[in-house]
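**Q** From the sequence below, what's the structure:
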Amino acid sequence: MSSEKSVWMHIGAGSFHRAHQAWYLHKLMEQGDDSWSIALGNIRDDANALLSALRAQNGEYVLETVSPKGERQYETITSIRKVLPWDKEISALIKQGADKQTRVIAFTVTESGYYLTPEHELDCQQADIQSDLNGGIRTLYGALTHILKARVAQHGEPVTLLTCDNLRHNGERFRHGFLSFLKQKGEKALYDWVERETTSPNTMVDRITPRPTPDVAERVLAATGKKDNAPVMGESFIQWVIEDNFANGRPALENVGVELVDSVLPWEEAKIRILNATHSCIAWAGTLIGQSYIDESTNQPAIRRMAYDYVTEDVIPCLTPSPLDLEKYRDVVLARFGNPYIKDTNQRVAADGLSKIPGMVTPTLIGCYALGREPNATAVVPALFFLFLKRWAENALPYTYQDGVLQPDAVRAVFASPDPLAAWAADEALFAELAQSADFLALLRRTVRALEQWVKQPQKELAMA
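**A** Next up is the predicted model:
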């Protein structure tokens with residue numbers, strides 16, 4: 001092995017990174033390849049308790065995985081060798097990102113964390129973007145501006161800027177948003193350097209990782225004897241597909257099961273439309289009938305049928321031909337969602353619906369109409385979200401709904417209007433050209449009526465009017 005050590009700096013100290021990318025780097029170390037390690041930090045102060053717990057444990061923690069049959073495994077993950085403390089100036093992130101040994105800067109943000117309009121342009125009206133254009137550090141763009149300016153000043157070595165999230169075309173969309181931000185900010189020299197010396201591969205990541213509950217630490221202690229203050233749990237399934245386009249070297253990820261490909265598009269579309277959209281469909285439907293967890297919602301026959309029909313009747317025709325076995329993928333996804341041992345919450349999966357509808361669902365609606373077919377099964381998904389948002393507007397949800405682009409007054413105005421569904425369906429940010437379609441509005445009306453009846457008697461199959 002090369003004696004030169006390289007650092008993978010990751011921004012975003014959530015559970016997903018520690019159950020996914022950190023696991024892959026750990027498996028490389030297990031093979032004897034310790035040429036890469038992780039430095040982990042956060043832009044905001046909402047992970048300080050976790051970072052402190054990790055620092056006290058030298059970056060180590062136990063990962064619990066559980067299969068659909070209930071088989072649990074425990075691994076001590078050792079790939080995070082440096083935990084970066086948070087301060088308002090993100091000084092530790094800047095110092096590490098500017099270090100020559102740092103060859104990859106990766107990050108995990110939600111769809112709303114890119115601050116893009118429905119046309120995938122940077123939304124400069126957002127308060128956080130406005131703040132960062134004036135020197136703040138509220139967004140990924142503002143943070144990277146500070147980090148990369150320090151890197152250029154010190155040596156200017158290339159670096160890969162790697163997205164690890166569910167945004168479609170995530171590398172391209174991030175790159176366009178970041179370059180737009182730099183242009184708007186007047187950072188011409190940094191703009192030119194980013195264009196020349198960085199790459200932003202598209203990626204597809206997958207592992208269901210709920211927020212850890214106290215019983216995870218209890219099981220870890222019972223199984224391993226370790227008192228872990230930062231354990232994480234996830235399902236046994238894991239997948240990572242990356243465009244092989246790194247600017248300054250990379251770990252030998254292909255040796256631990258990562259798929260390095262020329263284009264992630266087929267995997268990305270299958271995952272976003274079959275897994276992510278279905279996940280949200282189940283969370284919204286389950287919430288409407290009083291369910292708390294994804295597994296119990298998935299195992300409701302009517303909800304499972306909604307998800308199955310959405311994929312089978314509409315998504316698969318839109319994605320055919322595909323190099324993937326889409327029917328098999330559908331069945332694996334539903335089995336994973338029905339895993340009774342994961343206890344993923346509807347609250348976690350229901351979040352950020354205003355970004356998920358245009359990104360994950362509207363492309364299938366439009367695709368069906370382009371094929372000359374009415375998207376009856378897909379219409380269930382936005383119709384469920386409409387009823388879910390109606391509950392939110394009535395303060396009737398059983399939990400706090402989190403959505404990075406939610407404008408409360410605007411949503412309440414929709415539901416206070418004479419025809420809320422017509423006002424909602426006319427939103428081009430959600431439905432693109434379908435916002436002008438009388439046929440689509442009529443389909444939504446029928447679907448919402450049927451769902452309102454189903455919510456009253458959820459044990460019945462959904463009967464479309």
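
**Q** Only C-alpha atoms, please: export stretch 21-37 in CSV.
**A** What follows is stretch 21-37 as a C-alpha-only set of coordinates in CSV (Å, rounded to 0.1, in the frame of the first residue of the first chain):
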residue,chain,number,x,y,z
GLN,A,21,-20.0,6.0,3.2
ALA,A,22,-18.1,5.5,6.5
TRP,A,23,-19.0,1.8,6.3
TYR,A,24,-17.4,1.4,2.9
LEU,A,25,-14.2,3.1,4.0
HIS,A,26,-14.2,0.9,7.0
LYS,A,27,-14.4,-2.2,4.9
LEU,A,28,-11.4,-1.0,2.9
MET,A,29,-9.5,-0.6,6.1
GLU,A,30,-10.5,-4.2,7.1
GLN,A,31,-8.8,-5.3,3.9
GLY,A,32,-5.6,-3.7,4.9
ASP,A,33,-6.0,-0.6,2.8
ASP,A,34,-5.7,2.3,5.2
SER,A,35,-4.6,4.9,2.7
TRP,A,36,-7.9,6.9,3.1
SER,A,37,-9.6,8.0,6.3
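
**Q** Okay, buried residues for it please.
**A** 21-29, 33, 35-37 (16 or more other CB atoms under 10 Å). Placement of C-beta: from N, CA and C, glycine included.

**Q** what sits against the closest residue in space to residue 18 that isn't next to it in sequence?
**A** Take residue 18 and drop its neighbours on the chain: the residue closest to it by CB to CB, 6 or more residues apart in numbering is residue 232, 4.8 Å away. Residue 232 sits next to 15, 18, 19, 61, 62, 63, 64, 209, 212, 216 when contact means CB atoms under 8 Å, 6 or more residues apart in numbering.

**Q** roughly how far apart are the fourth one and residue 26?
**A** Same thing as residue 61. Between residue 61 and residue 26 the computed distance is 11 Å (CB to CB, to the nearest Å).

**Q** Overlap in contacts, the two.
**A** Going by CB under 8 Å, 6+ apart, residues that sit against residue 61 and also against residue 26 are residue 77.

**Q** Show residues contacting the helix or strand encompassing residue 411.
**A** Element membership of residue 411 [criterion: DSSP states H and E] is helix 408-416. Residues from elsewhere that reach helix 408-416 (CB under 8 Å, 6+ apart): 389, 390, 392, 393, 394, 420, 423, 424.

**Q** of the residues you listed, buried ones?
**A** Buried among the contacts of helix 408-416 by 16+ other CB under 10 Å: 389, 390, 392, 393, 420, 424.

**Q** picking that back up, can you tell me which two in the contacts of residue 232 are farthest apart?
**A** The span of those, defined through CB to CB, is set by 62 and 209 at 14.0 Å.

**Q** Name the spans of the stretch 351-465 of the chain whose pLDDT lies under the cut-off.
**A** Regions of the stretch 351-465 of the chain meeting the criterion pLDDT under 70 cover residues 465.

**Q** How about the contacts made by residue 435?
**A** 425, 426, 427, 428.

**Q** most neighbours, which of the residues you listed?
**A** residue 425 (25 neighbours; other CB atoms under 10 Å).

**Q** tell me the phi and psi of the closest residue in space to that residue that isn't next to it in sequence?
**A** Of all residues not flanking residue 425 in the chain, residue 441 sits nearest, at 4.8 Å (CB to CB, 6+ apart). Main-chain torsions, residue 441, degrees, to the nearest 10: phi -60, psi -40.

**Q** Tell me where the stretch 101-250 of the chain has helices.
**A** Ranges of helices in the stretch 101-250 of the chain, per DSSP state H, counting those that start in this stretch, are 127-133, 140-154, 170-185, 188-197, 214-224.

**Q** Now mean pLDDT and distance to residue 111 too, for the ones you listed, in JSON lines please.
**A** Listed next are these as JSON lines, based on pLDDT from 0 to 100; distance: least, CB to CB, whole Å:
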{"stretch": "helix 127-133", "mean pLDDT": "97", "distance to residue 111": "15"}
{"stretch": "helix 140-154", "mean pLDDT": "98", "distance to residue 111": "12"}
{"stretch": "helix 170-185", "mean pLDDT": "98", "distance to residue 111": "9"}
{"stretch": "helix 188-197", "mean pLDDT": "98", "distance to residue 111": "22"}
{"stretch": "helix 214-224", "mean pLDDT": "97", "distance to residue 111": "26"}
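
**Q** quick one: which of the ones you listed is nearest residue 381?
**A** Across the helices of the stretch 101-250 of the chain, the minimum distance to residue 381, taken as CB to CB, is reached by helix 170-185, at 21.4 Å.

**Q** Contacts for that closest one next, please.
**A** Contacts for helix 170-185 (CB under 8 Å, 6+ apart): 114-116, 120-122, 124, 129, 132-133, 140-142, 144-145, 161-163, 167, 188, 190-191, 194-195, 200-203, 243.

**Q** Kindly calculate the angle that it makes with helix 188-197.
**A** Angle, helix 170-185 to helix 188-197, by axes from the mean of the first three to the mean of the last three CA atoms, to 10 degrees: 160 degrees.

**Q** For helix 170-185, which residues meet the burial criterion?
**A** 170-182, 185.

**Q** Dump the residues you listed to a markdown table, plus distance to residue 412.
**A** Listed next are these as a markdown table, based on distance: CB to CB, whole Å:
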| residue | distance to residue 412 |
| --- | --- |
| 170 | 32 |
| 171 | 36 |
| 172 | 35 |
| 173 | 30 |
| 174 | 32 |
| 175 | 36 |
| 176 | 32 |
| 177 | 29 |
| 178 | 33 |
| 179 | 36 |
| 180 | 31 |
| 181 | 31 |
| 182 | 36 |
| 185 | 34 |
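
**Q** What is the nearest of the residues you listed to residue 445?
**A** Residue 445 has its nearest neighbour among those in residue 173, at 32.8 Å by CB to CB.

**Q** Strands of the stretch 1-150 of the chain, residue ranges please.
**A** Assigned by DSSP state E, counting those that start in this stretch, the stretch 1-150 of the chain shows strands spanning 6-11, 36-41, 61-66, 72-77, 80-83, 102-107.

**Q** Show me the one of the ones you listed that comes nearest residue 302.
**A** Closest to residue 302 of the strands of the stretch 1-150 of the chain is strand 61-66 (CB to CB; 26.2 Å).

**Q** CA atoms only: put that closest one into PDB for me.
**A** Provided in PDB are the C-alpha atoms of strand 61-66 (Å, rounded to 0.1, in the frame of the first residue of the first chain):
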ATOM      1  CA  TYR A  61     -19.000   3.800  17.000                       C
ATOM      2  CA  VAL A  62     -21.000   0.700  16.500                       C
ATOM      3  CA  LEU A  63     -23.200   0.100  13.500                       C
ATOM      4  CA  GLU A  64     -26.200  -2.200  14.000                       C
ATOM      5  CA  THR A  65     -27.700  -3.700  10.900                       C
ATOM      6  CA  VAL A  66     -30.900  -5.700  10.700                       C
END
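
**Q** Please list the residues outside it that contact it.
**A** With CB under 8 Å, 6+ apart as the test, strand 61-66 has contacts from 18-19, 23, 54, 72-77, 216, 219-220, 223-224, 226, 228, 230-236, 339, 341-342.
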